[in-house]
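>>> fold the following, please.
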Amino acid sequence: MHAIYRSPVLLRQLRQLVAFQALPSEHFHRSLPPLNSEYHRLSCVPPPREILHDGRRAKGLIRRTAMLTAVTKNVVAYPVARKDASVEEDFHGTAVKDVYRWLEDPDAPETEEFVNAQNSISRPFLETGEQWKKLNTKLTKLWNYPKYGCPARHGDHYYYFMNTGLQNQSVLYKQESLAGESQVFLDPNTLSDDGTVALTQKSFSEDGKYMAYGLSESGSDWIKILIRDAETGKDLGEVLEKVKFSEISWTKDNKGFFYGRYPDQDGKTDGSETKQNENQKLYYHRVGESQDKDTLVVEFPEEPSWRIQSSVSDCGKYLVLAIVKDCRDNIVYYADLKPGAAINGKLPVKKIVEKFEADYDYVTNEGSKFFFRTNKNAPNYRILAIDFEKPEEANWETLIPEHKSDVLDWVKCVDNDKLLVCYIRDVKSVLQVNSLTDGKLLREFDLDIGTIVGTFGEKQYSEIFYNFSSFLNPGSIYQFDFKTPEKAPTLFRDIQLNLEGFRREDYAIEQIFYSSKDGTKVPMFIIRKKRDSIAPRPCLLYGYGGFNISMLPSFGLSGLMFMDTFDGVLAYPNLRGGGEYGEKWHNGGRLLNKQNVFDDFQAAAEYLINNKYTTKDRLAIQGGSNGGLLVGSCINQRPDLFGAAVAQVGVMDMLRFHKFTIGHAWCSDYGNPSEKEHFDNLLKYSPLHNVHTPTEANKEYPSTLILTADHDDRVSPLHSLKFVAALQEAVRGSEFQKNPILLRVYQKAGHGAGKPTSKRIEEATDILTFLSKSLKVDAINA
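Reported below is the predicted structural model:
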């Protein structure tokens, strides 16, 4: 989901709003979700097999399967999935049947047969005719332009990511100077034939001699850590496994790093399993040794849900531990690191913050004085100083106070004594520099409406880079050096699109504020081609609304493709539950307030229809992960509002989400079904438990495409499978349901991170084709 996983100390990947971003970002903003974060975007995979692993077909569960060579919108014969009425669970005195629980077993032959039967319907619907091929050809051409990441300095070299256009994975390059010759340092495309092995994170040693990096296979959150010699470009012998939700934090002597790993577990750990992730432990790995010699340094066996994120302090004398148990708030412990002393056993930890009541994101330290970005007594966040030698809260000091309206999004220390600070001001990035000494504002950078999607800057260097993106700008990378403060930032590299006739000035971007059901004003960006007047056009409404994630203006190829191909309109409401207006906005859309998110989204649709941007039969909604839950709930609650719906890797069973993989961490946003108050609330909007049979025309479900993947270990595909089974059963006998309800399950794919370009293009083509067949579209420019 953005991952439905939000760690306060991991890298945030600011994603494109419709298409998964092509490049890994380089900045480590500890406040935000990781690269393999829950924030999902488009993906694709090869066609599914029609038989089981052993060649047999399952017996008894699918009594009727639609093996169609062509599917029309009005004629869909759905498979009949077995209903097991014996499965019933008591929730606080309420009996709830779970007739499709057998679909929770990903390895069962009948589950695979169900998936094959669904794909045998969805694929012909999408692929029959010329539309898919035409759209795929155009999208492939549009995608084929060079994409760059910010340069980053490590040791004596600069490194940057670049994708020539259609490479499945971006390549990491190395150069001695910014004007020097570039050499391939790591090319993930050589690691698999189909591009499904991805570089998901990297961390250089202090001297730049080694790069530890994580590889993910088939989109799984599990990674393997390897170490590459920066001088030779060769990997060392060790491979670290069982790693997930972990930073790689080097000690300043360059001898090794800390990382988190999970214990061995029964069964698979390839991303297709559903077992809960528990008992993460922190280890220290020494360069040149095998993993079995790694030293266990920190564990909390009495707290199996805790995840330990580690940062070696800038001075190298402290190991800062930000410990999380769900998707918000963390406690802070630390351990002393003695220069020159070997790390051969558990480290004594000292407690600084002991209550899970706020975020504390380590920024830097000066001696024993540590600086944190926090929302402790500051819903819009502030910079706080804590002296580890006098850690009592009465001694805490504010360096940069909370802004009354702008949200302090991320901070990093640069040029020894400065803080590079990014605020969110009415859903737009504001970039500035403050003094680490007294917090005073030193300078502001001039930005248009958009988002900083990548940065590089470190305490030891005077040079910074930042990548600015907006709805119509794929990226502009700027360079600034504090050694020459009188000089304005220079444009280092401008990324250019490959769309014939495209001009930014031909499009209008407007930000409006509409009223939600309870009168709350909600911001929404609307992007469209300029016209003298507004007339109804095909419209794609995309939403998320959760986990304190801010949906900021950034570029998406699929969104541009939608506008150019269908002369369409894009709409991005900033729903409550996000972080656009700080913790108050987040709290307004979580736990018992979750219905506000759905109300905000439905009110956005009503605004677009009432103000003539679109009509019901031209309006599509889309969301992924937590946004998939949004789509699932809204088509149950207001099917009369939408012409089409696309739900990607969504959370659909709100009574059992906490039982699989990392789902228990989401209770901070959704509530725990084991508690009656939250059960009662979750039952009201859980997509699986609120499907209905259309009994009149305005209750008909919109054309619905549900997408998931077999290696999604963030939001297990069982959610989508159970929801589709229930939907199709509910509409099967209804004379009012003419619109199709389709499920597409991709293979060798996960929640979104690391998807190969070929798969992202294929899935984007699936979605655009589905919309072209489901909406009222006047003309297609393919």
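>>> drop to CA atoms for contacts and neighbour counts, all remaining ones
Will do.
>>> could you list the low-confidence segments of this structure?
1-75, 265-274 (pLDDT under 70).
>>> in it, which spans are helices?
Under the criterion DSSP state H, the chain contains helices at 109-127, 131-143, 557-566, 582-587, 595-610, 626-637, 667-670, 676-685, 718-731, 757-774.
>>> and stretch 532-546, which residues are buried?
Under the neighbour-count criterion of 16 or more other CA atoms under 10 Å, stretch 532-546 has 536, 537, 538, 539, 540, 541, 542, 543, 544, 545, 546 buried.
>>> start to end distance for stretch 251-260?
End-to-end distance of stretch 251-260: 15 Å, with CA to CA, to the nearest Å as the criterion.
>>> which residues does that stretch contact?
205-207, 243-250, 280-287, 308-310, 312, 316, 339-340 (CA atoms under 8 Å, 6 or more residues apart in numbering).
>>> quick one, strands of the stretch 251-400 of the chain?
Ranges of strands in the stretch 251-400 of the chain, per DSSP state E, counting those that start in this stretch, are 256-261, 281-286, 295-298, 307-312, 318-324, 331-336, 350-353, 360-366, 369-374, 382-387, 397-400.
>>> include mean neighbour count and distance to residue 550 when you put those into JSON lines, please.
Output for the strands of the stretch 251-400 of the chain, formatted as JSON lines (neighbours: other CA atoms under 10 Å; distance: least, CA to CA, whole Å):
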{"stretch": "strand 256-261", "mean neighbour count": "24", "distance to residue 550": "27"}
{"stretch": "strand 281-286", "mean neighbour count": "23", "distance to residue 550": "30"}
{"stretch": "strand 295-298", "mean neighbour count": "19", "distance to residue 550": "32"}
{"stretch": "strand 307-312", "mean neighbour count": "27", "distance to residue 550": "22"}
{"stretch": "strand 318-324", "mean neighbour count": "23", "distance to residue 550": "20"}
{"stretch": "strand 331-336", "mean neighbour count": "19", "distance to residue 550": "23"}
{"stretch": "strand 350-353", "mean neighbour count": "16", "distance to residue 550": "26"}
{"stretch": "strand 360-366", "mean neighbour count": "23", "distance to residue 550": "17"}
{"stretch": "strand 369-374", "mean neighbour count": "21", "distance to residue 550": "17"}
{"stretch": "strand 382-387", "mean neighbour count": "22", "distance to residue 550": "17"}
{"stretch": "strand 397-400", "mean neighbour count": "17", "distance to residue 550": "21"}
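>>> tabulate those strands (CSV), appending distance to residue 675.
Formatted as CSV, the strands of the stretch 251-400 of the chain follow (distance: least, CA to CA, whole Å):
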stretch, distance to residue 675
strand 256-261, 30
strand 281-286, 28
strand 295-298, 31
strand 307-312, 23
strand 318-324, 21
strand 331-336, 24
strand 350-353, 27
strand 360-366, 28
strand 369-374, 29
strand 382-387, 33
strand 397-400, 37
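>>> of these, which is nearest residue 230?
Nearest of the strands of the stretch 251-400 of the chain to residue 230, taken as CA to CA: strand 256-261 at 14.9 Å.
>>> taking their axis directions, the closest one and strand 281-286 sit at what angle?
If you take axes from the mean of the first three to the mean of the last three CA atoms, to 10 degrees, strand 256-261 sits at 150 degrees to strand 281-286.
>>> please renumber so the chain begins at 304
All right, first residue 304 from here; so that's strand 559-564.
>>> re earlier: in strands, which of the buried residues of stretch 835-849 appear?
Judged by DSSP state E, strands contain the following of the buried residues of stretch 835-849: 842, 843, 844, 845.
>>> tell me the one of those nearest residue 750?
Among those, and counting by CA to CA, the member closest to residue 750 is residue 845, at 24.6 Å.
>>> that older thread, looking at the ones in strands among the buried residues of stretch 835-849, which is nearest residue 442?
So of these, ranked by how close each gets to residue 442 (CA to CA), first place is residue 843, at 17.0 Å.
>>> and that closest one, what is it in contact with?
865, 871, 872, 873, 874, 922, 923, 924, 925.
>>> in TSV, list those residues along with distance to residue 1018 and neighbour count.
Formatted as TSV, those follow (distance: CA to CA, whole Å; neighbours: other CA atoms under 10 Å):
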residue	distance to residue 1018	neighbour count
865	27	23
871	31	24
872	30	24
873	26	22
874	25	24
922	27	29
923	23	27
924	20	29
925	17	24
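>>> pipe the residues you listed into JSON lines and attach distance to residue 679 per row.
Below are these laid out as JSON lines (distance: CA to CA, whole Å):
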{"residue": "865", "distance to residue 679": "42"}
{"residue": "871", "distance to residue 679": "43"}
{"residue": "872", "distance to residue 679": "40"}
{"residue": "873", "distance to residue 679": "36"}
{"residue": "874", "distance to residue 679": "33"}
{"residue": "922", "distance to residue 679": "41"}
{"residue": "923", "distance to residue 679": "39"}
{"residue": "924", "distance to residue 679": "36"}
{"residue": "925", "distance to residue 679": "34"}
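>>> these in strands, which ones?
872, 873, 874, 922, 923, 924, 925.
>>> which one of those residues sits closest to residue 975?
residue 925 (26.1 Å).
>>> tally of neighbours for the closest residue to residue 954 other than its chain neighbours?
Closest residue to residue 954 apart from its sequence neighbours, by CA to CA, 6 or more residues apart in numbering: residue 932 at 5.0 Å. Counted with other CA atoms under 10 Å, residues neighbouring residue 932 total 29.
>>> so residue 932 sits against residue 948, correct?
No. When contacts are counted by CA atoms under 8 Å, residue 932 is not listed as touching residue 948 (11.7 Å).
>>> okay, and the common contacts of those two?
By CA under 8 Å, 6+ apart, no residue touches both residue 932 and residue 948.
>>> picking up where we left off before, widest-spaced pair of the contacts of residue 843?
871 and 925 (14.5 Å).
>>> sorry, back to before: ok, so of the ones in strands among the buried residues of stretch 835-849, who is nearest residue 472?
Of these, the one sitting nearest to residue 472 (CA to CA) turns out to be residue 845, at 25.8 Å.
>>> roughly how far does the residue nearest to that closest one when sequence neighbours are not counted sit from residue 847?
In space, and not counting its chain neighbours, residue 845 is closest to residue 925: 4.9 Å by CA to CA, 6+ apart. Separation of residue 925 from residue 847 (CA to CA): 9 Å.
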